[in-house]
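>>> Fold the stuff below for me.
(2 chains)
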There are 2 protein chains.
Amino acid sequence: MVLYFHLMEMFDDNYFMKQALVEAQKAYEAEEVPVGAVVVIDNKIIARAHNLTECLNDVTAHAEMQAITSASHFLNGKYLSDCSLYVTLEPCVMCIGAIYWSQIGKIVFGAEDKKRGFQQAQLEAHPKATVYGGIMAEDATALLRDFFRNKRT
Amino acid sequence: MVLYFHLMEMFDDNYFMKQALVEAQKAYEAEEVPVGAVVVIDNKIIARAHNLTECLNDVTAHAEMQAITSASHFLNGKYLSDCSLYVTLEPCVMCIGAIYWSQIGKIVFGAEDKKRGFQQAQLEAHPKATVYGGIMAEDATALLRDFFRNKRT
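Reported below is the predicted structural model:
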């Protein structure tokens, strides 16, 4: 029983967001805008991805898009209603559109994106989905701030 | 001069939309929701794609998404400002988001999508982009209508 509660505590939103931040760090090191994502089902990570738009020369290669494709391959099904997506930055219009189609059940994001986030565009996730924002937002923001500061200098 | 005008006439929006419809027909034959797209630069088609969401088990595999990725690979650059996108159905939220990031200069679509189209979501293309809707809409609609009618029976 103690172990059970311990595991419940271990696999919380912060745990999986930390994994998304590990992905964001990989993007940072590859000189990509540092955004990372993981897809989780039954407390297991089934997809990891980070932004690769520069490396792939492809605007569609956001972390979330790759994570959705990857999770769908893993599950051999295109609907992800039993999955949770953890992403370090608020999804953009493109990504919230993909999230909608995938029917992901739970979306947890870190920092808000006041310029290009889906909230600013007045969009919403699938009506059946739950959305939590601001999870470990400071870590995600610090990484992004560092990235753009280094770019300017 | 006569030849010049003839070519100008030949490579009009209808010409390229017909090519997008050829792609939509391929989707139809593969039992995919029949939507097709082409990307054009200097009157040359540099990318062709059709919806592959069923075949790839991937909600992100809309015709436009693949066409953008493919055109970016061809040009070895992620911005498509000198390109035109022809797509048989009004882009959805995901696709208009990708179209925005790609900075595609001209978007021509066929049939309107009153349920899931970007217009219904009150989204707009990139401010520098021009958008034309309703080009050969009847052909695109006929294909979609046939597809869904066959699915039901």
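
>>> Now the host helix or strand of residue A:101: average pLDDT?
If you go by DSSP states H and E, residue A:101 is part of helix A:93-102. Mean pLDDT, computed over helix A:93-102, is 98.

>>> How about stretch A:129-137?
Regarding stretch A:129-137, the rounded mean pLDDT is 97.

>>> now that stretch: how far from the chain's centre is it?
10 Å (CA atoms, centre = their mean, to the nearest Å).

>>> Would you work out how far apart the start and end of it are?
21 Å (CA to CA, to the nearest Å).

>>> can you check stretch A:23-42 too?
End-to-end distance (CA to CA), stretch A:23-42: 20 Å.

>>> Which of the helices or strands spans the residue nearest the centre of chain A?
Nearest to the mean C-alpha position of chain A, by CA atoms, centre = their mean, lies residue A:87 at 1.7 Å. Using DSSP H and E, residue A:87 maps to strand A:84-89.

>>> can you check residue A:109 too?
Using DSSP H and E, residue A:109 sits within strand A:106-111.

>>> After that strand, heading C-terminal, what element do we hit next?
Following strand A:106-111 in sequence, per DSSP H and E, is strand A:130-132.

>>> Sheet partners, orientation included, of that following strand?
According to DSSP bridges, strand A:130-132 forms sheet pairs with strand A:106-111 (parallel).

>>> to the chain's geometric centre, what's the distance from the partner strand?
Centre-to-centre, strand A:106-111 and its host chain are 6 Å apart (CA atoms, centre = their mean).

>>> Under the pLDDT cut-off, which ranges of chain A? List them.
Within chain A, the stretches with pLDDT under 70 are A:1-9.

>>> re the thing from before, wait, the residue nearest to the centre of chain A touches residue A:35, no?
Yes - using CB atoms under 8 Å, residue A:87 makes contact with residue A:35 at a distance of 6.9 Å. Bear in mind the C-beta positions are built from the backbone N, C-alpha and C, glycine included.

>>> overlap in contacts of these two?
Common contacts of residue A:87 and residue A:35, defined by CB atoms under 8 Å, 6 or more residues apart in numbering or on different chains, comprise residue A:63.

>>> near chain B, which residues of chain A show up?
Applying CB under 8 Å from any CB of the partner chain, we find that chain A lies next to chain B at A:53-54, A:57-60, A:65, A:68-69, A:72-73, A:76-79, A:92-98, A:100-102, A:121-123.

>>> Which of those residues are buried, as a ChimeraX select command?
Those of those that count as buried under 16 or more other CB atoms under 10 Å in any protein chain shown are selected in ChimeraX with:
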select /A:53,57,58,59,60,65,68,69,72,78,92,93,94,95,96,97,98,100,101,102,121,123
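
>>> ok, now how distant is residue A:50 from chain B?
According to CB to the nearest CB, to the nearest Å, residue A:50 and chain B sit 16 Å apart.

>>> and that residue, what are its phi and psi?
Taking degrees, to the nearest 10, you get phi -140, psi 160 for the backbone angles of residue A:50.
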